[in-house]
Structure formats: structure tokens, C-alpha cells
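**Q** give the three-dimensional model of this entry:
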Amino acid sequence: MERADLKGVFAGRERRARQRARFFVSEADQPAFMSEFARGVAGYTEVFLCDPAWGATEQSHLEALRGMPMENSFKKTPEGWLMIPTGGSSGQVKFARHDEQTISAAVRGFTRHFGLKQVNAAGLLPLHHVSGFMAWMRCALTGGEYRPLDWKQVERGKLPVLPAEPEGWVISLVPTQLDRLMRLERAVAWLRTFRIVFLGGAPAWPALLDQAADLRLPLSPGYGMTETAAMVTALRPDEFLRGMRGCGRALPHGQVSVAKDGVISIESESLFRGYYPEWRKPVGFRTSDLGTLDERGHLHVQGRNDAAIITGGEKVHPAEVEAVLRATGCFEDVMVIGLPDHEWGQIVVAAYPEAGQPDLPKVQQALAAQLAPAKRPKRWVGLKDWPKNETGKVNRAEVARRVAALA
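**A** Numbering: from 1, shown residues only. As a prediction, the model looks like this:
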């Protein structure tokens, strides 16, 4: 699929002549985001999807990008022109390079896996996030309908009636959203009207999955990431309702393997081209996740192989949050960890020496200006005995143990 074909999906939308500068899409309103994205695609430039909730720290990273020279004149069909944000491994804003080839490969594999000729999706997830963006792309590239929804309205029980479609409707949720909707009887009945309810973005706890099965929800837990253009494995709803658990088998466009050390690796036509501005060789991708494959070839994810915290489907790197906390001057020392949480999967927790008595209102004001909401600690824990080793470095494992013991 050529970029011109992707442009054709947005026929009738506002177009702009060729751009020389990068194009940054940062809109909370979904229709506005879609319109802005169409302008960027039509402009033959590098298009960056951005979270409108980013604070000063993230914005400074974007400013650095704006000053970099353009590397591609786009005289030929380019690769890696679409930049989708991800936490990466550094804790800073990173963008995974995609293009119409990786996106369309992911859509083809998706439709084959679920037996869909046309995708009609109700959209609750933000379009700058790969899960929300790909929900829209599946509709756009198969000629289906994408219906943006307001999560706050849905959570309050304002559930739209979707028009009948031969292929039915699908919806994507993170575990926190599913948990809240299952508390409303009307919402449960509404979710049963969907052909598929996709679940991803964060680990789902067993009780949540069992409750969804008891309620006969057509759930499809899956596994994917920004680097794979969203899901690369998935359980089908019939498998889930027969009692299978895990993340299902690989979609037709990819292969999943697990190394001897338990780390998951992926080969896929939808794999990203590199972290902007770098490029990666067209080889398999070794993730930061640990897992196993069962006798059916179904993937079971067992956790992270790095220090990242996954909260409500968002990736948070402790080092980034710690840097902002330290910059306030309110802490003698501070450490950020993730604790298991029934609602969020994990929550961000800041631990510090109790004797320091930080000015938390001042700290929270600084965080609101510097970091996106998902990165801000939900709990603050002062420890009486702050464990340091003989060199004065904090014993992170011991801090995490003590905080967990107080939970």
C-alpha cells in the first residue's frame, strides 16, 4: 500500500500542500485530531502524534525535535514517516517510526485473525495512543465506521445505541475501563452487543477476567505495543468464553517466540522502523516483557523485564518522575516504584525519607506543570529508616519491599 492510498482514506478532508516542517498532531478532541492528522498525511511530511496532556518536560523534548533538520524529501514513497509516542526504555518521550506499510500489515493480520471483512469500532481510547489510533485505522482501511465516544459520558452510563452493521461493532478497553463498566448492569448489557471487546494496554487481573466470563462478555485479551502497531497476539472471544486465558496466538502477520531467559521476541510485518531519529535493521524485536508459550502456541505474559510501571495502560519510567521530584528541592532522597493495584494494574508510588517532611502541595503543583497525569504518584510513603548501602546509594529493592509491606 502506497502513501497515496492512505491519503485516499481521508478524501474530502482538508488538504495542505507539501510541508517542509514536521507536523505535530496534539488534539484531545477526536474529530479535531482526525482532521489534523489528515492535514499532516496530505502534506508529505513527518507526522508526530502527541499527547495533549504532556507537561513541560515532554514539551521540551518536542522543541528539540522541531530544531532537527529534515532527513527525507519524500520524493519517493518514504518509510518511517509516522511517529507514534512510546515510553521506550529511556523514560523520555520516544517515537516509534511507522508508515502505511506497517499500519496496513497490522490491519490485514487483524482482519484475518478475527474473520472480519470490515471493521466498525466505537472509540474510547485517545487517538495519540497506538491502541486508539489503530482502532481508527482498522476502520479507515477496511471501509468501516469509526464512532468516537466520550469515556466520561460512557462511564456515567450514557451508552450510545450503535446502528446495525453486517459485521457488527468492536470496542477496545483497558482493564480499568472494563472494571468500571462491569459495575453497571446497563453497561454490561451494552458490552454484550459488541462482536468483540478487546482488552489490552495493561495486565488484567484474574478476578476481572473471570467476572467478564461469568457475564458472558465477548472479550479478546491480547498483547501488543507501539512498536508492533498494537496487537500482535489475541484470544478470540469464543476461546475466552470456553475458559482459555492468556493473550492468545500470534496474528497472521507476526510470529512470537520466547528466549531461554523468558524474554518475548517478535517478528512481524508491522514492526516499527526504529526510534526517531534512528533506524533499526529489519530484524526481529526483543521486547522488555517476560512470558511463556503453551502447547497451543498461546502467549502468557508474566511481567516486565525492566523497571517500567504500567498504570492504566500507560508506561511510566521511574527515573523521569524521580528527576522532576528531585528538581522541586523538597526531597532529601526519593524513589518511584509501581505497586499492584486492582483498578489500575499498577499505581505510581513515591517513597522518601520520613524525616525530610516534603511540602507535598508544592510538589504536586510542580508535577501538574511538568508531567502527564499518568506519571504523577497516586501514593506518597515516608519511610522511617531509609535504606542506603555503604556508598550512600539507596537500596531500591529494599525500599520497594518496605513500601509493599505497608500497602
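**Q** what sits against residue 368?
**A** 55, 376 (C-beta atoms under 8 Å, 6 or more residues apart in numbering). Where you see a C-beta, it was placed from the backbone N, CA and C, and this is true even at glycine.
**Q** which stretch of helix or strand covers it?
**A** Under the criterion DSSP states H and E, the helix or strand holding residue 368 is helix 360-370.
**Q** chain center to that helix, what's the gap?
**A** Distance of helix 360-370 from the chain centroid (C-alpha atoms, centre = their mean, to the nearest Å) equals 25 Å.
**Q** and if you look at stretch 267-275?
**A** Taking C-alpha atoms, centre = their mean, one finds the center of stretch 267-275 at 16 Å from the center of the full chain.
**Q** CA atoms of that stretch as CSV?
**A** Listed next in CSV are the C-alpha coordinates belonging to stretch 267-275 (Å, rounded to 0.1, in the frame of the first residue of the first chain):
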residue,chain,number,x,y,z
GLU,A,267,8.9,-11.0,14.1
SER,A,268,6.2,-9.1,12.2
GLU,A,269,5.5,-7.1,9.1
SER,A,270,4.1,-4.4,11.4
LEU,A,271,7.3,-3.9,13.3
PHE,A,272,8.4,-0.3,13.7
ARG,A,273,11.4,1.1,11.6
GLY,A,274,13.2,2.5,14.7
TYR,A,275,13.0,5.1,17.4
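**Q** now stretch 216-231: buried residues?
**A** 217-231 (16 or more other C-beta atoms under 10 Å).
**Q** quick check: the farthest pair among those?
**A** Greatest spatial distance among these (C-beta to C-beta): 217 and 227, at 28.5 Å.
**Q** now do the helices in this structure.
**A** Secondary structure of the chain by DSSP state H: the helices cover 3-8, 30-42, 56-66, 100-114, 130-142, 151-155, 175-181, 185-191, 206-214, 237-241, 318-327, 360-370, 396-406.
**Q** how about the fourth one as PDB, C-alpha atoms only?
**A** This means helix 100-114. The C-alpha trace of helix 100-114 is given here as PDB (Å, rounded to 0.1, in the frame of the first residue of the first chain):
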ATOM      1  CA  GLU A 100       1.400   2.900   5.700                       C
ATOM      2  CA  GLN A 101       3.200  -0.400   5.200                       C
ATOM      3  CA  THR A 102       3.500  -1.300   8.900                       C
ATOM      4  CA  ILE A 103       0.000   0.000   9.700                       C
ATOM      5  CA  SER A 104      -1.700  -1.800   6.800                       C
ATOM      6  CA  ALA A 105       0.100  -5.100   7.600                       C
ATOM      7  CA  ALA A 106      -1.300  -4.900  11.200                       C
ATOM      8  CA  VAL A 107      -4.800  -4.300   9.800                       C
ATOM      9  CA  ARG A 108      -4.600  -7.200   7.400                       C
ATOM     10  CA  GLY A 109      -3.400  -9.600  10.100                       C
ATOM     11  CA  PHE A 110      -6.100  -8.300  12.400                       C
ATOM     12  CA  THR A 111      -9.000  -8.800  10.000                       C
ATOM     13  CA  ARG A 112      -7.700 -12.300   9.000                       C
ATOM     14  CA  HIS A 113      -7.400 -13.400  12.700                       C
ATOM     15  CA  PHE A 114     -10.900 -12.300  13.600                       C
END
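**Q** tilt between it and helix 30-42?
**A** Counting by axes from the mean of the first three to the mean of the last three C-alpha atoms, to 10 degrees, helix 100-114 points 130 degrees away from the direction of helix 30-42.
**Q** which other helices and strands contact helix 100-114?
**A** Contacts defined by 3 or more C-beta pairs under 8 Å, 6 or more residues apart in numbering; DSSP states H and E place helix 100-114 against helix 3-8, helix 130-142, strand 230-234, strand 263-268.
**Q** likewise for the third one?
**A** Using 3+ C-beta pairs under 8 Å, 6+ apart, the elements in contact with helix 56-66 are helix 360-370.
**Q** 10 Å instead?
**A** Where contact means 3 or more C-beta pairs under 10 Å, 6 or more residues apart in numbering; DSSP states H and E, helix 56-66 is packed against strand 23-25, strand 47-49, strand 82-86, strand 94-98, helix 318-327, helix 360-370.
**Q** turn the ones you listed into CSV, including mean pLDDT and distance to residue 287.
**A** Below are those laid out as CSV (pLDDT from 0 to 100; distance: least, C-beta to C-beta, whole Å):
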stretch, mean pLDDT, distance to residue 287
strand 23-25, 94, 26
strand 47-49, 95, 21
strand 82-86, 94, 12
strand 94-98, 95, 13
helix 318-327, 85, 19
helix 360-370, 92, 29
